[in-house]
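Colleague: Fold the following, please.
(chains A and B)
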Amino acid sequence: MSQLLLDVQGLTMRFGGLVAVNKVDLKVKNRQIVSIIGPNGAGKTTVFNCLSGFYIPTEGSVMFNGRELAGLKDFQISRKGLVRTFQHVRLFSKMTVIENMLVAQHRHLNTNLLSGLFKTSSYRRLQQEAMDRAAYWLKEVDLLEFANREAGNLAYGQQRRLEIARCMVTQPELLLLDEPAAGLNPNETKELDELIVKLRDEHEISVLLIEHDMGLVMGISDHIYVIAQGTPLADGTAEEIKNNPDVIKAYLGEE
Amino acid sequence: MQSNKLYSAIFAAGITLILACLMIGVKLDTEGTQLAVRGATAEQWTWIGLGVGLVFLSQLFSAQIDAFFGKLPKPQLGKLLPEERKRATLKPWLIAALIVGMIIWPFMVSRGSVDLATLTLIYIMLGLGLNIVVGLAGLLDLGFVAFYAVGAYTYALLSMYFGLSFWVCLPISAGLAALFGFILGFPVLRLRGDYLAIVTLGFGEIIRILLNNWTAVTNGPSGISGIAKPTLFGLEFTRRAKGEDAQTFHDFMGISYSSSYKVIFLYLIAVLLVCVVVYVINRLMRMPIGRAWEALREDEIACRSLGLNRTAIKLSAFTIGASTAGFAGAFFSARQGFISPESFIFIESAIILAIVVLGGMGSQVGVILAAIVMTILPELAREFAEYRMLMFGLLMVIMMRWRPEGLVPMKRPHLELKQ
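Modeller: As a prediction, the model looks like this:
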C-alpha cells in the first residue's frame, strides 16, 4: 500500500560556483504529506524547480512512479502527474474561475481543430466532461458560487484555493505546494490544513509541501525534511524534528 | 518642476525643428542628371514654425492637456446597446442583416467604392490574422507581410506556370503560408517580446528580397502580370472567353457585358472569405486552443506547470495567423492581376499592426472598424498623401492619450458555468 511515489537521490543544483542545493534526498510514499522546511534562502524552492523541470539539476536522480524524470520538459513532467503551485499566486487573472479550470484541462480537451470548429458531438461531450470535473473541484475547495467571477477579483485566500483546485483538475498523483499558507489569516490557514488532509485521505494523492507556518507543518506532515543552506540537515517525524538539536540551532542560532 | 517642464518643452520643440527641417525643409530634386537641393517655400516654413510652436506649448502645458483629455467623455458603447439578454436574441438577426446588406450594397454604388471596399476587406482579413498572433497570443510580429507575400506569390506562380485556378490555389496558398509560419516559428518562438519582433522583421525583409532577386522564377522587381481572375464555376468575367470551351458570365446569363460585374464578383468573394475568417476565428477564441493562447499571454510559467506545451500553442497561433494572411494574399493577387515585391514592403506590416493596435488588441469588432478607418481615411485625404505617415503618427499619439486600449477594447467571450 505505501509504495514509493517519489524517490530523489543526491539532487544537486549549482549556479556557477554557487551550490544552491547540495545532495538532497527525498522520499514520498503514496498518500503521504511530506514537508520541506528550512530558513529563508535554504534552497527549498530550487528543489521544487528541479523536480518540476523548471531547472535542470546538475546532479542526482529523480524517480517518479519508478521512472526517471531527467530529460523531460516541464510540461511533460506535469502530464506524468507531478504538478506544482508557486510561492506567488499565478492565476490567469483576466479569466473567470471556471476558465482557469478549463485551461488546466487543456490536454484532456485537446480534440482536433475541425471538431471544435463545427461543434461536433464528441467535442461537446468532452467540453461537458471538463465542465463537470471543474465544477466538482470547485465544490471541493468551496468556490463553486464564484465560478463565473474573474479570478483576479477573488479574495487572496480564495485565489490560493483556486490555484490548488486548478492543479487538482489535471488529475495529479503528487502535488507540490510552495508556501500555500503565505499571506493567509489563521482562519484560512486552518481551512487549508483541512483541505490538504482531505486531498490525502479522500482523494488519495501525495503532497510535498514547503511551508514556514510551523503549526501547519507539524500538524499534518507524515514526514519532514529540513534543509539549511542547500544541504539536508535532518529528517523524521514532527516529534523527532522538534527535538533535533541541529534543527533548533539552524533556526535559532547558537548560544 | 516648472523649469524642468520648460527644459523638456524646449528640447521637444528643438527635435521637432530639426526633424521638420530635414524632412520638409529641404528637398532633393533631379535636374537633368544632377541632384539639386531645394529649400521649402515660405508657406511651408510658416507651417513648420507653427508646428514647432504647437509642440512647445503642448509640452509646456502637458498636465493641463492631460486633465482635459481625462475629462473628455469616453464613448460608452455598452450603455448604448440594449441589455445582455436582448442582445443575445438580436445578434443573429443583426449579423444576417449585415451580411445581406453587404451583398446588396455593391449593386447600388459606384465601381470605385466597390473596389475600395474590396481593398478594405483584404485589410480586414490581414488584421484579423495578425490579431490572433499579436492580440490573442501576445507575440509581436513585425514581418506579417511576409506571409501575405507568400500567399500572393503562391497563387501568381501556380497560375502562371501550371494554369491552376484561383479556387484550387486558395487553400494551397493558405497552406503554404502556414508552412512558412511553422518553419519560421519553430526556431524563433522561444524568443520573447522585442527579440521576436526583430527576428520577424528580418524574416519579412528576407522574403521580399528573395522575391526581388530570384528573377528566374519570380520575375524579380518587374513582378508577375496577367494573373488569372477567379471564375464562377468556370464562368469567366472577361469580355471574350479565353479558353476553347470556356464560357463568359454575361453570355451564360444572356446579358450584355459590363466590367463592373467583375468588380462586384471580386467584392463578393472577399465578403465570403472575410465571413469564413471571422467565423473560424470566433470559434477558435471560444475553443480550448483560444483559451490556451490567452493563458499563455497572461502567465507562461503557470501554463508550463499545468502541462501546456507552450511551443505547440504558440506555433498554432503563428501558423493560423499566417494561413489567414496567405488567404488574403492569394485573393490580393487575383484582384490586382499584377504583383511585385513592391507590394510587400515593411510599411504594409506596420499598417496591419497599426490596425490591430488601433482597433484594440484581441477585439474582432475593433480590428474590423480600424481596418475600415485605416483604408478609407487615406483615400479621403488624398491631397495629404505626402504627409500620410505623419497623420498615422498623429492618430497613434491621440489614440494612446485618449483610448490606449483601442477603439473597441477586447471583451472576452466568458464561458459561464450553468448551475
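Colleague: alpha carbons only for contacts and neighbour counts from here, please
Modeller: OK.
Colleague: and whichever residue of the stretch 1-150 of chain A sits closest to chain B, how many neighbours does it have?
Modeller: Residue of the stretch 1-150 of chain A nearest chain B, by CA to the nearest CA: A:Phe75 (4.0 Å). Residues lying near A:Phe75 (other CA atoms under 10 Å in any protein chain shown) number 21.
Colleague: Now the terminal residues of stretch B:302-313, how far apart.
Modeller: End-to-end span of stretch B:302-313 (CA to CA, to the nearest Å): 14 Å.
Colleague: And for stretch B:222-237?
Modeller: Stretch B:222-237: ends 26 Å apart by CA to CA.
Colleague: Per-residue confidence, A:Arg166, what does it come out as?
Modeller: Note on A:Arg166: pLDDT of 93.
Colleague: can I assume it is in contact with A:Ala104?
Modeller: Yes. Using CA atoms under 8 Å, A:Arg166 makes contact with A:Ala104 at a distance of 6.1 Å.
Colleague: tell me how far stretch B:86-102 is from the chain's mean position?
Modeller: Distance of stretch B:86-102 from its chain centroid, counting by CA atoms, centre = their mean, to the nearest Å, is 25 Å.
Colleague: hmm, which helix or strand of the chain has the shakiest average pLDDT?
Modeller: Picking chain A for this. In chain A, no helix or strand scores lower on mean pLDDT, DSSP states H and E than helix A:113-117, which sits at a mean of 76.
Colleague: The intended chain is chain B.
Modeller: helix B:77-80 (a mean of 58).
Colleague: Please give me every residue in contact with B:Gly39.
Modeller: B:Gly25, B:Val26, B:Lys27 (CA atoms under 8 Å, 6 or more residues apart in numbering or on different chains).
Colleague: Tell me how many other residues crowd residue 53.
Modeller: I'll assume chain A. Based on other CA under 10 Å, the number of other residues close to A:Gly53 is 21.
Colleague: um, chain B though
Modeller: Using other CA under 10 Å: B:Gly53 sits among 17 other residues.
Colleague: Next: B:Trp93.
Modeller: 11.
Colleague: again with the one 10 residues further on
Modeller: B:Ile103 has 15 neighbouring residues, counting by other CA under 10 Å.
Colleague: continuing past the helix or strand containing it, what's the next helix or strand?
Modeller: B:Ile103 is located in helix B:84-104, with elements delineated by DSSP states H and E. Using DSSP H and E, the helix or strand that follows helix B:84-104 in sequence is helix B:111-130.
Colleague: Quick one: residues contacting the residue nearest the centre of chain A.
Modeller: Closest residue to the average C-alpha location of chain A: A:Leu176 at 1.9 Å, with CA atoms, centre = their mean. For A:Leu176, the contact set (CA under 8 Å, 6+ apart) comprises A:Phe48, A:Leu82, A:Val83, A:Arg84, A:Thr85, A:Val207, A:Leu208, A:Leu209.
Colleague: so the first one is in which element?
Modeller: Same thing as A:Phe48. helix A:44-51.
Colleague: before we move on, what about the third one?
Modeller: Using DSSP H and E, the secondary-structure element containing A:Val83 is strand A:82-84.
Colleague: Quick one: mean pLDDT over that strand.
Modeller: Rounded mean pLDDT across strand A:82-84 is 92.
Colleague: And stretch B:125-137, by the same measure?
Modeller: Here the average pLDDT along stretch B:125-137 is 93.
Colleague: Stretch A:184-195 now?
Modeller: The average pLDDT for stretch A:184-195 rounds to 91.
Colleague: got it, and stretch A:57-73?
Modeller: Here the average pLDDT along stretch A:57-73 is 89.
Colleague: can you give me how far that stretch is from the chain middle?
Modeller: 17 Å.
Colleague: distance between the ends of that stretch?
Modeller: 12 Å.
Colleague: got a list of what B:Ala370 touches?
Modeller: Contacts of B:Ala370 (CA under 8 Å, 6+ apart): B:Ile355, B:Val356, B:Leu358, B:Gly359, B:Leu407.
Colleague: Next: B:Arg335.
Modeller: B:Lys229, B:Leu266.
Colleague: quick one: it is in a strand?
Modeller: No. Counting by DSSP: H, G, I helix; E, B strand; the rest coil, B:Arg335 is not part of a strand but helix.
Colleague: Chain A against chain B: which residues are in contact?
Modeller: A:52, A:74-79, A:83-85, A:90-93, A:95-96, A:98-99, A:102-104, A:106-107, A:109-110, A:116-117, A:131, A:147-148, A:167, A:170 (CA under 8 Å from any CA of the partner chain).
Colleague: can we see that at 7 Å?
Modeller: Listed as neighbours of chain B in chain A under the rule CA under 7 Å from any CA of the partner chain: A:74-76, A:78-79, A:83-84, A:90, A:92, A:98-99, A:103-104, A:106, A:109, A:116-117, A:147-148, A:167.
Colleague: Tell me which residue is most central in chain B.
Modeller: Centre-most residue of chain B, counting by CA atoms, centre = their mean: B:Ile352, 3.0 Å.
Colleague: tally of neighbours for the nearest residue to it once chain neighbours are set aside?
Modeller: Using CA to CA, 6 or more residues apart in numbering or on different chains and skipping residues adjacent in sequence, the residue nearest B:Ile352 is B:Gly127, 5.6 Å away. Applying other CA under 10 Å, we find 31 residues neighbouring B:Gly127.
Colleague: show me where the stretch 101-250 of chain A has strands.
Modeller: Remark: strands assigned in the stretch 101-250 of chain A by DSSP state E, counting those that start in this stretch are A:174-178, A:206-210, A:223-228, A:231-236.
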